[in-house]
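Q: sequence and predicted structure below; questions after.
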Amino acid sequence: MRELSLHIMDLAQNCVKAGASLMELRVEEDDQKDTLLISIKDNGCGMDEEFARRVESPFTTTRTTRKVGLGIPMFKENALLTGGDFHLTTKKGVGTEICAVFVLSSIDRMPMGDLAGTVLLLVQANPKMDIRLDVRVNENSYSFDTREVRQVLGDDVPLDLPEVSAWMQENLTEGIEALHGGM
C-alpha cells in the first residue's frame, strides 16, 4: 500500500466483518512530538486471546478465499519501519482497537492520502454502520460523526444518497484541509 488512508480502508473492513455497529477512527498529528497516531476502534465481536496473539502474522486470517491476512501485519510493519509503535487491544464480545504511531519526519512514513475520500467511501459502503472520525493536527481539531448526520437528517434518510454523499464529501474535505491545508 502506498498511502496510510488505504491501510485505514483495509483495516476498516475488519470492523465490518466483525459485525461492528460503530467504528471510531482517530488521527493525531503532533509536530512537537514528531508523531502521527492512527487508531481504529470498533464494537464488533472482538478476538479471543489465542487468535489475537496470532493476528499480527501474515499467515493468520479468517478468510476462506486465501490463506494470508496482510492488513494488520503490514500496518504494524509500516509503523515500526518509521521507528514508531503498534498496539492491538481486543476482547471477545466487546471489540478491537488497533493503534499505530508513526514517526512523522521519517523518510519511511507513507503519505496520508485521501482521508476524506476514504471515510466517505466507508460510509457509502456501510450506510448502517456508524463512523466517527476525530482528526487533530497540533492544536487544531475536526470531528465527523454519522450519528450526528443521522440526527440532523432523520433516520429515514439513507447516508448513501448522492446528495447526502456530496454534502459529506464537502464537509470532510473542508474540515480536514482546514487543519493545515491537507494531510
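A: Perfect, thanks for sending it.

Q: thought M112 was touching E3?
A: Yes: with contacts counted by C-beta atoms under 8 Å, M112 reaches E3, the gap being 6.6 Å. C-betas here are computed from N, CA, C, even on glycine.

Q: more neighbours, the two?
A: Remark: of M112 and E3, M112 carries more neighbours, 20 against 15, as counted by other C-beta atoms under 10 Å.

Q: low-scoring stretches of this structure, by residue?
A: Of all residues in the chain, those with pLDDT under 70 make up the ranges 54, 56-70, 181-183.

Q: which helix or strand contains the residue lying farthest from the centre of it?
A: The centre of the chain is farthest from one residue, D156, which by C-alpha atoms, centre = their mean lies 26.3 Å away. According to DSSP states H and E, D156 maps onto no helix or strand at all.

Q: likewise the one 4 residues further on?
A: Element membership for D160, per DSSP H and E: none, as it lies in no helix or strand.

Q: can you start the count at 42 instead of 1 from here on
A: Sure, I'll start counting at 42 from here, so that last one is D201.

Q: give me phi/psi at the closest residue in space to it that isn't next to it in sequence?
A: Closest residue in space to D201, ignoring its immediate chain neighbours: P168 at 4.4 Å, by C-beta to C-beta, 6 or more residues apart in numbering. The phi and psi values for P168, taken as degrees, to the nearest 10, are phi -60, psi -20.

Q: check the gap between P168 and E138 for me.
A: The gap separating P168 from E138 is 23 Å, by C-beta to C-beta, to the nearest Å.

Q: all strands of the chain, in order?
A: Using DSSP state E, the strands of the chain run over 63-71, 76-83, 126-132, 136-144, 171-178, 181-186.

Q: would you list the ones you listed in TSV and tack on distance to T214 and mean neighbour count?
A: Shown next, in TSV, are the strands of the chain (distance: least, C-beta to C-beta, whole Å; neighbours: other C-beta atoms under 10 Å):
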stretch	distance to T214	mean neighbour count
strand 63-71	15	20
strand 76-83	19	21
strand 126-132	29	16
strand 136-144	23	21
strand 171-178	12	20
strand 181-186	11	15
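
Q: save these as TSV, and put in distance to L162 too.
A: Converted to TSV, those look like this (distance: least, C-beta to C-beta, whole Å):
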stretch	distance to L162
strand 63-71	13
strand 76-83	15
strand 126-132	24
strand 136-144	19
strand 171-178	11
strand 181-186	13
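
Q: out of those strands, nearest to D89?
A: strand 126-132 (8.5 Å; C-beta to C-beta).

Q: what residues does that closest one touch?
A: Residues from elsewhere that reach strand 126-132 (C-beta atoms under 8 Å, 6 or more residues apart in numbering): 87-88, 93, 96-97, 113, 116-117, 120-121, 137-142.
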